[in-house]
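Enquirer: Provided below for reference: sequence and predicted model.
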Amino acid sequence: MTDWLAQAYEQFLMDGDEVLLKSAIEQYGGTESPSELDCPFAHRIQDLVVCGDWFRVVRVYDPDDRSCRVYIYPFDTSFGGQPGVPYELSGDSLHQWVMDELEEPTDGDTDWSKYGIMSD
């Protein structure tokens, strides 16, 4: 199954094309992630403005088959500029972070370098 919304988001991260992303959100997005899912399975990637409107980007991770699904939906405002889980966290590193969070949830900032993500 192709996740067109994730592809449009990844393209946006590379080239900043808001029009393409907005079109993908209108066609494939606009709904929140399932409400019964909590962090770390459903985690905020970022809040962003696309064509003048606020949206929240959430990724849902399934530890059984290690698949991910991206949700992008309208949101009233930013989460205070706080960074979310880095989108580049993937594969075994994402799985390890989810398992770590289940065992001992982080209270505060996460040291993403522990999972191979270097800060800017």
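Expert: In hand now; what should we look at? These numbers were taken from a predicted model, which means no experiment stands behind them.
Enquirer: List the contacts of the one residue sitting closest to the centre of the chain.
Expert: The structure's the chain has its C-alpha centroid closest to Ile45; by CA atoms, centre = their mean the separation is 3.2 Å. By CB atoms under 8 Å, 6 or more residues apart in numbering, Ile45 lies in contact with Val57, Val58, Arg59, Val70, Gly84, Val85, Pro86, Tyr87. Placement of C-beta: from N, CA and C, glycine included.
Enquirer: Also Ala8?
Expert: Taking CB under 8 Å, 6+ apart, we find Ala8 in contact with Leu20, Leu21, Ser23, Ala24, Ile25, Tyr28.
Enquirer: Farthest pair within these?
Expert: Spatial extent of these (CB to CB) is set by the pair Leu20 and Tyr28 at 11.9 Å.
Enquirer: related to what we said a few turns ago, for ChimeraX, write the select line for the buried members of the contacts of Ala8.
Expert: The buried residues among these can be selected in ChimeraX (16 or more other CB atoms under 10 Å) with this line:
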select :20,21,24,25,28
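Enquirer: List just the nearest of the contacts of Ala8 to Asp76.
Expert: Closest approach between the contacts of Ala8 and Asp76, by CB to CB: Ile25, at 15.7 Å.
Enquirer: ok, the closest one to Asp53 distance?
Expert: To Asp53, Ile25 is 9 Å away according to CB to CB, to the nearest Å.
Enquirer: Please apply the same query to Asp65.
Expert: 33 Å.
Enquirer: Just confirm Cys68 is within a helix.
Expert: No - when classified by DSSP: H, G, I helix; E, B strand; the rest coil, Cys68 is found to be strand rather than part of a helix.
Enquirer: Sketch out the low-pLDDT regions of this protein for me.
Expert: Along the chain, the parts satisfying pLDDT under 70 run over 1-2, 78-81, 120.
Enquirer: residues making contact with stretch 83-97?
Expert: Contact with stretch 83-97 is made by 9, 13, 40, 43-47, 57, 59, 61, 63, 66, 68, 110, 112, 115-117, as judged by CB under 8 Å, 6+ apart.
Enquirer: Fine, thanks again, bye for now.
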